[in-house]
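got a predicted model here, sequence first, then my questions.
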Amino acid sequence: MNEKIILGHGSGGRMTRDLVRDVFCRHLGDFGPQSMDDGAVLPCEKGELVFTTDSYVVSPLEFPGGDIGTLAVCGTVNDLAVMGARPLWLSLGVILEAGLEIDALERIVKSIAAKAREAGVKIVCGDTKVVEKGKGDGIFINTAGIGVLEHPLTPETIEPGDQIIVSGTVGDHGMALLTLRKGFPLKSDLKSDCAPLNGMISQCLDEAGVKWMRDATRGGVATILNELSEGRPWGVLLEENDIPLSDAVAGVSELLGLDPLYSANEGKVIFVVPRHQAENALKGLKKSAYGKKAAVIGLIVDDFPGKTVLHTQMGTLRTLGILASDPLPRIC
Amino acid sequence: MNEKIILGHGSGGRMTRDLVRDVFCRHLGDFGPQSMDDGAVLPCEKGELVFTTDSYVVSPLEFPGGDIGTLAVCGTVNDLAVMGARPLWLSLGVILEAGLEIDALERIVKSIAAKAREAGVKIVCGDTKVVEKGKGDGIFINTAGIGVLEHPLTPETIEPGDQIIVSGTVGDHGMALLTLRKGFPLKSDLKSDCAPLNGMISQCLDEAGVKWMRDATRGGVATILNELSEGRPWGVLLEENDIPLSDAVAGVSELLGLDPLYSANEGKVIFVVPRHQAENALKGLKKSAYGKKAAVIGLIVDDFPGKTVLHTQMGTLRTLGILASDPLPRIC
Amino acid sequence: MNLLKDFKNPVLARKLSAAIAETVGDRPFSIMEVCGGQTHTIYKYRLREMLPPNLRLVSGPGCPVCVTPIEYIDKAVFLALEKGASIYTFGDLVRVPGTMMSLEKAQAEGADVQPVYSPFQSLQAAKANPERHVVFLGIGFETTLPGVGLVIREAQRSGVENFSVLLSAKRVPPVLDALLSSGKAEIDGFITPGHVTSIIGTKAYDALCETYRVPMVVGGFEPLDLLGAVHLLAGELAGGGTRNLNAYSRASSKEGNVKAQQVMEEVFEEKDDELRGLGVIPKAGYGIRESFAEFDADRRFDIVTNSREPKGCICGEILCGIKAPEDCPLFGAICTPDAPVGSCMVSNEGACNAAYLFRD
Amino acid sequence: MNLLKDFKNPVLARKLSAAIAETVGDRPFSIMEVCGGQTHTIYKYRLREMLPPNLRLVSGPGCPVCVTPIEYIDKAVFLALEKGASIYTFGDLVRVPGTMMSLEKAQAEGADVQPVYSPFQSLQAAKANPERHVVFLGIGFETTLPGVGLVIREAQRSGVENFSVLLSAKRVPPVLDALLSSGKAEIDGFITPGHVTSIIGTKAYDALCETYRVPMVVGGFEPLDLLGAVHLLAGELAGGGTRNLNAYSRASSKEGNVKAQQVMEEVFEEKDDELRGLGVIPKAGYGIRESFAEFDADRRFDIVTNSREPKGCICGEILCGIKAPEDCPLFGAICTPDAPVGSCMVSNEGACNAAYLFRD
Amino acid sequence: MRSMCLAVPIKVVEVLEGQMAIGEQMGVQVEFSTALLGAVQLGDYVLVHTGIAIETLDEADAQETLSIWNELNSTLGS
Amino acid sequence: MRSMCLAVPIKVVEVLEGQMAIGEQMGVQVEFSTALLGAVQLGDYVLVHTGIAIETLDEADAQETLSIWNELNSTLGS
Ligand code: SF4
Ligand code: SF4
Ligand SMILES: [Mg+2]
Ligand SMILES: [Mg+2]
Ligand SMILES: [Mg+2]
Ligand SMILES: [Mg+2]
Ligand SMILES: [Mg+2]
Ligand SMILES: [Mg+2]
Ligand SMILES: [Mg+2]
Ligand SMILES: [Mg+2]
Ligand SMILES: [Mg+2]
Ligand SMILES: [Mg+2]
């Protein structure tokens, strides 16, 4: 390949997936990730560990509802939790750009501490690098996380009739960051939904036979559900009217012509549960402050195998595909 | 603090340590690292894990003897190995700058695969982000690593008479990268010594009662030995004449007025072993291609408690302090 | 009332759908929705499912990104990379392939490319960064043009020297005229573009209806707006009418927005212009008047391009309503939103993009 | 032979050491090593340990970074941040604190600051980046000046327009003259700087020896060079001699490097100049001649500074040999290489830096 | 992000200097130019395209349109 | 990095165009200007400071200096 990396390669859409497959997985072979899952299940002498990593490159560094530090803890904690693990330990690698205000750095580190405390995880090792001004963007953060696998998921048992639940309103993080773009004449009370969800998830796991779950980050609910349905003998059918949406997210979506189903969340999980457990799952979720607006938004169906389909508010059916990429700001 | 981050904060010298202590450790408190060690020992149900992280921001991305990918694997593998762990799993987080050639990326990923294979570790999870051109520097890599603790070190048993061993020539990586600086009219056959040392180390551990070891990366041998001696009731005495040095490293040092004892290594370990085991340790090291030039370079002494002192080639004694920082290029 | 939600009411939609079916019976008709925004809504809500199979909806030439010649992208890339200009643009343009590269790829080569919501942002950026030259990519139909005119006027009024507009402005009526006069597309009626009509007024279509004896109805962009427009058209088609009607009267009038027309008149002048795939059409475009020449990037810079249209792309025929995206052999196989060949695959308002995104 | 290693031979060192001790007996003498590079070697190899305690080595004013006024740093920062110039500099200068900030901190504010090994690199950079103005920070004594002169001459010859030098060039003999005439420092003999002497020749010290009746010996930079110089000086001191001798004859001669002197003469002209801590000294500096005015950053730019010397720093007295670093109340407590107060703490050739780095 | 044909009804909540105004739509505020309209009143609905109001919306007309469509069920089966 | 007073003996291994040469020191090659010297010969030792040769080194002189110092043991105890 004689092409160059462009922004789209980091969009989280198909271009990212293709790059990972064609470059990383191909060359790493046996030494690379054996699945495209966000975390890896590791055989331990007794029990199994889950290990995951994410880098955070959000701009701006601080935003309503959080900052890059909040994201770095919550993102990795959530990645562990949605694998069915109890998050225990995080690493913290920061790349600082010369010129960053130490005050800003302190605020971010405080956020990290606060979220680690809330999530009950310890940051057990770290690393600091500084790059020249103009070779970074304030601060980049990598966190890797280790958890103990307590509730292995069973996507292979998913069957038509199983219910799709989302833990709250959709698209908040992405739309909140979009309205902050420099020069955009928009104002709203939108906040990122960034939150550590391991507590909420474990309450849900206690109550319901969760078969699969995933945090709906880059690419949003539509992308995550596509990952669920792809290659399966069944399909996902969503009910547009049932999808929780804050007024402001709906408003920004209309103003900018964007679809909130593709907008990133940093505090929302999609669950697949058996139909008879859906009520319990909702009850469990609503015990958490982060799950108050949880709702059943669709179900697994025999029709449309491999696809995710939306029953629109007009009563028609529309396939939800995966977007290639967005010319949008970095949001996580 | 109303100061700003400057390059010195990332030099690996005292400014870095102060920043970590005053900002990260202070705010993270109980949730942060409990020691300044590079890796963390984690209680596992059966046995103990070691978990470590490092970001790699070297410039240029490719250099004689390796590339940023080589570094990212070897650096983290070595950090695990010098904690007495058997490295098992790595995570891989990359931050790509728009405009990076995919060819270059492929070469780097191939290096990662090759070094992982050589070290016998698996890269089990990863993450890819892309930032705008001018907001990064080609590629930044973070690797976090997990190993199983097999040979806990016993620095508390170190006593006068114990021998200091280095596994080979000193300063190669740092000096090799320095000669590559844009516009510098220097040429040499210097290569980075970047290598995965877990194999060599385990051979040494089998042969000798290693009490302490450390890879002598940023800050070089002098800085790492200062970390060893600081606050101890004994001192470290080095014999300048015994320190293995390649001609080219000596030559660049003279030309640029630099001290190779402060130059980074990416394939060298310092060991402390009991006097009677030193021969065995050397024998073990020399079984590895990476340990052929291993040598005893000093010993633990009653004099100079807390200090590292050099017996110079002139026969005088000189304290080796820690440098504050260097106005040098990023080298790891 | 909520002007957005009420026009998505599914109960009313079903009523309109039934009324349409009853009105057209089983006679076959083809209706063209002129505007790309309308195409987007039709695909997004799958409105074709709500129409009888004998009533065909055909996408028209009203997607501004789609009709912009490839040379325009090449010029923008040239200004960014060779002249070091900061490019401010509607987001849709960023991924459109040029002959050598898209603006997104130019970005990876170091170009400063900023997606904006409003052309005013580009003028603000020029004022805030006097050391850089800011070029706004002024593409669009009559909906967008008055705003671009306002910004140019304001730039002159406030004496901004580091700002210019690379213009590719198109006019709907001459394009429809060309389409109808060519006789290639067999269209029985048109849904004319609501927001363009807000500016130019419904009177702009009177002559077309009369000359070509074809009914036209102004349509909005909500599902009900479009079904309402189809409903009115169905009545005309069923009864052989050729009137110029308005199903978007809450937002467009006979005269249109006179102030906006004045701004356009002041800043721009009509000219023959090329539309991608359609060729040069008399009076189909606007240029910047001599009195504002300093803000015309084309005049201000010596722009050198070497443009070639991509091989095999049938965007032109699709824009004329002669072919559908699925008729293109490249569609979905070689040409996808990840690696678009033609411009119709890029914009959310392009027929190929909508057809791909919302495909089954 | 290996000209580097052989002059580090510890056996010969011990012989010289013994000979020195025997020569001076127990009479107290103070010897000043003039050059910062010599100070560095003395600390690095702990040569004081090899001398009898009654023979005191005192660091002199020959560290170029140390004697450069703080205003010079302020000018460089101004050029970088206010004029957007690219600053090319010897690495030692990067961390020297200015009144407001060091160049390293300016870098964190966006300044382009490039450490180089040779001034030629800066001219190459100017040729390679015609859109930027490159300023080379030309500081140094006579060792360094001919190279800076060569680069300025070459810049003129090749018509480079985006290059200039911010000059702060000092001359050793007038500085020693001022030191001796002030009578403040009680120095019995001088080790004169080997590489400066390679350029200016030993004859440059003849008048000083004669006027002030003090012996001088040219010393090199290897441990044996310095011990050898001390050995010769010891002989003079013991015998009351005041000769001007050369212990570095393999690299310096009576006449010095005539070509280098010609380059200096062509490009520079002597002027009274300020040395940090020492004040203005007649003929102690160089300026750029009118014929090369275009390459003089001071002439080319309107540089505005508001410089203040740091409080409490006694660099000046240390440079005169009146005080030692340890006499400064800030030394090691408030002033360290991490947070240097004065310039002597920054350069590897500064007395405070060497004293701190190699302290026990 | 789609901006080209997109125009959204916005309720005027504040009239600013220099032919600018602030409007609201479902809790989101947007600043826009009113230079293409006559004077706007608080409470007016305007159609905003790329940060510029291009038309004042006629609420009564909208209401009427909707009720005409609603009437369709009297002539047709529901 | 220290450059200010630092000058290092370099052996000339290649003479280039334009008053430049390449020298070697312990396996490291450095390109430098010879403009301040007369013609340099292969094998000459020169003193290079900031990329510029400032003097030709006199090996015989160095040898002599060393042997003078070596003679000191005949007059002193070792
Ligand atoms: S599918 Fe692609 S190539 Fe074919 S007409 Fe559409 S845009 Fe052109
Ligand atoms: S220790 Fe610091 S403040 Fe004191 S004289 Fe030296 S440089 Fe100046
Ligand atoms: Mg992850
Ligand atoms: Mg994640
Ligand atoms: Mg995830
Ligand atoms: Mg580290
Ligand atoms: Mg930046
Ligand atoms: Mg580490
Ligand atoms: Mg490390
Ligand atoms: Mg380490
Ligand atoms: Mg990830
Ligand atoms: Mg870069």
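Thanks, I have the structure now. Ligands and ions are numbered 1, 2, ... in the order given.

and the helix or strand harbouring residue E:68, how far out from the chain middle?
Here residue E:68 sits within helix E:59-75, counting by DSSP states H and E. Per Cα atoms, centre = their mean, to the nearest Å, the displacement of helix E:59-75 from the mean C-alpha position of its chain is 19 Å.

that helix and chain C, are they touching?
Yes. Applying Cβ under 8 Å from any Cβ of the partner chain, one finds that helix E:59-75 is in contact with chain C at E:59, E:61-63, E:65-66, E:69-70, E:72-73, E:75. Where C-beta positions appear, they are placed from N, C-alpha and C, glycine not excepted.

residue ranges of the strands in chain E, please?
Taking DSSP state E as the criterion, chain E contains strands spanning E:8-16, E:20-25, E:28-33, E:45-49, E:52-56.

what helices or strands is the fourth one leaning on?
The reference is to strand E:45-49. With contacts defined as 3 or more Cβ pairs under 8 Å, 6 or more residues apart in numbering or on different chains; DSSP states H and E, the packing partners of strand E:45-49 are helix C:194-200, strand E:8-16, strand E:20-25, strand E:28-33, strand E:52-56.

residue C:215: what's it in contact with?
Taking Cβ atoms under 8 Å, 6 or more residues apart in numbering or on different chains as the criterion, residue C:215 is in contact with C:188-190, C:209, C:233, C:236-237, C:241-245.

what about the spatially closest residue to it that is not a sequence neighbour, which helix or strand?
With sequence-adjacent residues excluded and distances taken as Cβ to Cβ, 6 or more residues apart in numbering or on different chains, residue C:215 is closest to residue C:236, at 3.7 Å. Element membership of residue C:236 [criterion: DSSP H and E] is helix C:223-239.

just give the nearest non-adjacent residue to residue A:64, would you?
On the basis of Cβ to Cβ, 6+ apart, the spatially nearest residue to residue A:64 that is not a chain neighbour turns out to be residue A:191, at 4.4 Å.

got it, and residue C:17?
With sequence-adjacent residues excluded and distances taken as Cβ to Cβ, 6+ apart, residue C:17 is closest to residue C:50, at 4.3 Å.

measure how buried that neighbour is and give me the count.
The local packing of residue C:50 (other Cβ atoms under 10 Å in any protein chain shown) involves 23 other residues.

try residue C:103
For residue C:103, using other Cβ under 10 Å, the count is 24.

repeat for the one 10 residues further on
Applying other Cβ under 10 Å, we find 25 residues neighbouring residue C:113.

the host helix or strand of it and chain D in contact?
Assignment of secondary structure by DSSP H and E places residue C:113 within strand C:112-116. No. In this structure, strand C:112-116 remains apart from chain D according to Cβ under 8 Å from any Cβ; the gap is never smaller than 15.5 Å.

can I get that strand in PDB? Just the C-alpha atoms.
Backbone C-alpha positions of strand C:112-116 (Å, rounded to 0.1, in the frame of the first residue of the first chain) are rendered in PDB as follows:
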ATOM      1  CA  ASP C 112      -5.600  23.500   6.700                       C
ATOM      2  CA  VAL C 113      -9.100  22.400   6.000                       C
ATOM      3  CA  GLN C 114     -11.900  23.400   8.500                       C
ATOM      4  CA  PRO C 115     -15.500  22.200   8.200                       C
ATOM      5  CA  VAL C 116     -18.000  24.900   9.100                       C
END
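
so what touches it?
A:183-184, A:327-328, C:80, C:85-91, C:94, C:103-104, C:106-107, C:121-122, C:125, C:132, E:1.

residue furthest from the geometric center of chain C?
Relative to the C-alpha centroid of chain C, counting by Cα atoms, centre = their mean, residue C:131 is the outermost residue, at 33.2 Å.

can I assume that one sits in a helix?
No. Assessed by DSSP: H, G, I helix; E, B strand; the rest coil, residue C:131 does not belong to a helix; its assignment is coil.

give the contact list for it.
Residue C:131 is in contact with residue C:162, counting by Cβ under 8 Å, 6+ apart.

tell me the phi and psi of it?
phi -80, psi -10 (degrees, to the nearest 10).

using CSV, please lay out the residues of helix E:59-75 next to chain C together with pLDDT, distance to ligand 1 and neighbour count.
What follows is the residues of helix E:59-75 next to chain C, written out as CSV (pLDDT from 0 to 100; distance: Cβ to the nearest ligand atom, whole Å; neighbours: other Cβ atoms under 10 Å in any protein chain shown):
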residue, pLDDT, distance to ligand 1, neighbour count
E:59, 87, 40, 15
E:61, 89, 37, 15
E:62, 89, 36, 21
E:63, 90, 40, 14
E:65, 89, 35, 22
E:66, 90, 36, 19
E:69, 89, 35, 22
E:70, 87, 39, 13
E:72, 81, 37, 19
E:73, 65, 40, 15
E:75, 55, 41, 10
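
tell me the pLDDT at residue 310?
Here I'm looking at chain A. Reading off the confidence values, residue A:310 has pLDDT 96.

that's the wrong chain, I wanted chain C
Reported pLDDT at residue C:310 in the predicted model: 88.

could I get the contacting residues of it?
The contact partners of residue C:310, taken as Cβ under 8 Å, 6+ apart, are C:70, C:97, C:341-342.

report the two of the residues you listed separated the most.
Between any two of those, the greatest separation by Cβ to Cβ is 10.9 Å, found for C:70 and C:341.

between those two, which contacts overlap?
With contacts taken as Cβ under 8 Å, 6+ apart, residue C:70 and residue C:341 have C:97, C:310 as neighbours in common.

about what we covered before: tell me which of the contacts of residue C:215 is nearest to chain D?
Relative to chain D, the closest of those is residue C:190; by Cβ to the nearest Cβ it sits at 53.1 Å.

wondering if the helix or strand encompassing the closest one reaches chain E at all.
When secondary structure is defined by DSSP H and E, residue C:190 falls within strand C:189-193. Yes. Counting by Cβ under 8 Å from any Cβ, contacts between strand C:189-193 and chain E involve residue C:193.

pull the most distant pair out of the residues of helix E:59-75 next to chain C.
Farthest apart among those - using Cβ to Cβ - are E:59 and E:75, which lie 25.8 Å from each other.

per-residue pLDDT of the closest residue to residue C:323 other than its chain neighbours, please?
Nearest-residue entry for residue C:323: residue C:317, 4.3 Å, with adjacent residues in sequence omitted and distances by Cβ to Cβ, 6+ apart. The predicted structure scores residue C:317 at 88 on the pLDDT scale.
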